[in-house]
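1. how would this look folded up:
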Amino acid sequence: MEIIKTRDASAADRAAHIWAHATAKRDETAPGTVEYEAAIPLIQEVLDHSDRSFLLTLTEDDEMLVFIAVEPSRAETDETIGEMRYMGVAPGHWGEGWARRILVALPEAMRESGFDQGELWVYADNIRAIFVYEAMGWQGTNQTRRHSVTDRVEQKFVRRLT
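-> The predicted structure follows:
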C-alpha cells in the first residue's frame, strides 16, 4: 500500500476514472451515465485552482484504489481552509476500509499544504459516507445547500487540522 500526494496529470486521469464509476454506483445509475470524459475536467479544475491543490492517492500493486482531491476553499476568504472537493473509492473495493486508510493520511497532507482546517460537502442522504467521515473526526455543521447540478441537499462537515 502506498499513499502519494501528487499533482500529476496521469493520477488525475486515474482519479477521474474512479470518480465516474463510483458516482454511477453510488447514485445507482447505469454505467456510462457519469461519463469518464466529463469527470476529467472536474478533477483537473481542482488541481488548476491553486499551487496548494493536490490529489492524495492510495495504490496497491500499482492500482489506484482511492483518491481525494483537495484545494483551498472557494467559499471562504480564509486561505487556511482546505476543501476536500472529491473523494472516490474504486467500486470493486467498497467496504474494504480504503476510505478510512486515506482519511487517516489526509490531515497531515493538508497541513503540509498550509491548511489549518478542512471542510467538505456531502449529500445529506449519503449515510455510508457520513458514517466514515464522522468516524474519522469530521464534524457535521448545520450548514446545508442544494447541489447546483443534482439539486440534492448537501451538508457541510469540518475538521480542525492543528
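2. From here on, just use CA atoms for contacts and neighbour counts.
-> Will do.
3. I'd like to know how many residues surround Val153.
-> Per other C-alpha atoms under 10 Å, the neighbour tally for Val153 reads 15.
4. One more: Met136?
-> Residues near Met136, counting by other C-alpha under 10 Å: 15.
5. Look at it and report its pLDDT.
-> Confidence at Met136, expressed as pLDDT, is 95.
6. so who does it touch?
-> Contacts of Met136 were listed using C-alpha atoms under 8 Å, 6 or more residues apart in numbering, and they are 100, 103-104.
7. List buried members of these by neighbour count.
-> Listed as buried from the contacts of Met136 are Leu103; burial here means 16 or more other C-alpha atoms under 10 Å.
8. In PDB, list the C-alpha atoms belonging to the helix ranked longest in the chain.
-> Secondary structure of the chain per DSSP state H: the longest helix is helix 9-26. Extracted C-alpha coordinates of helix 9-26, given in PDB (Å, rounded to 0.1, in the frame of the first residue of the first chain):
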ATOM      1  CA  ALA A   9      -1.900  14.500 -14.800                       C
ATOM      2  CA  SER A  10      -1.900  10.700 -15.000                       C
ATOM      3  CA  ALA A  11      -3.000  10.400 -11.400                       C
ATOM      4  CA  ALA A  12      -5.800  12.900 -12.200                       C
ATOM      5  CA  ASP A  13      -6.800  10.800 -15.100                       C
ATOM      6  CA  ARG A  14      -7.000   7.600 -13.000                       C
ATOM      7  CA  ALA A  15      -8.900   9.500 -10.300                       C
ATOM      8  CA  ALA A  16     -11.500  10.700 -12.900                       C
ATOM      9  CA  HIS A  17     -12.000   7.000 -13.900                       C
ATOM     10  CA  ILE A  18     -12.700   6.100 -10.300                       C
ATOM     11  CA  TRP A  19     -14.900   9.100  -9.800                       C
ATOM     12  CA  ALA A  20     -17.100   8.300 -12.800                       C
ATOM     13  CA  HIS A  21     -17.600   4.700 -11.800                       C
ATOM     14  CA  ALA A  22     -18.100   5.300  -8.100                       C
ATOM     15  CA  THR A  23     -20.600   8.100  -8.700                       C
ATOM     16  CA  ALA A  24     -22.600   5.900 -11.000                       C
ATOM     17  CA  LYS A  25     -22.600   3.100  -8.400                       C
ATOM     18  CA  ARG A  26     -23.500   5.400  -5.500                       C
END
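9. And it, what does it pack against?
-> In this structure, helix 9-26 packs against helix 36-49, strand 54-60, strand 63-72, strand 81-89, with contacts taken as 3 or more C-alpha pairs under 8 Å, 6 or more residues apart in numbering; DSSP states H and E.
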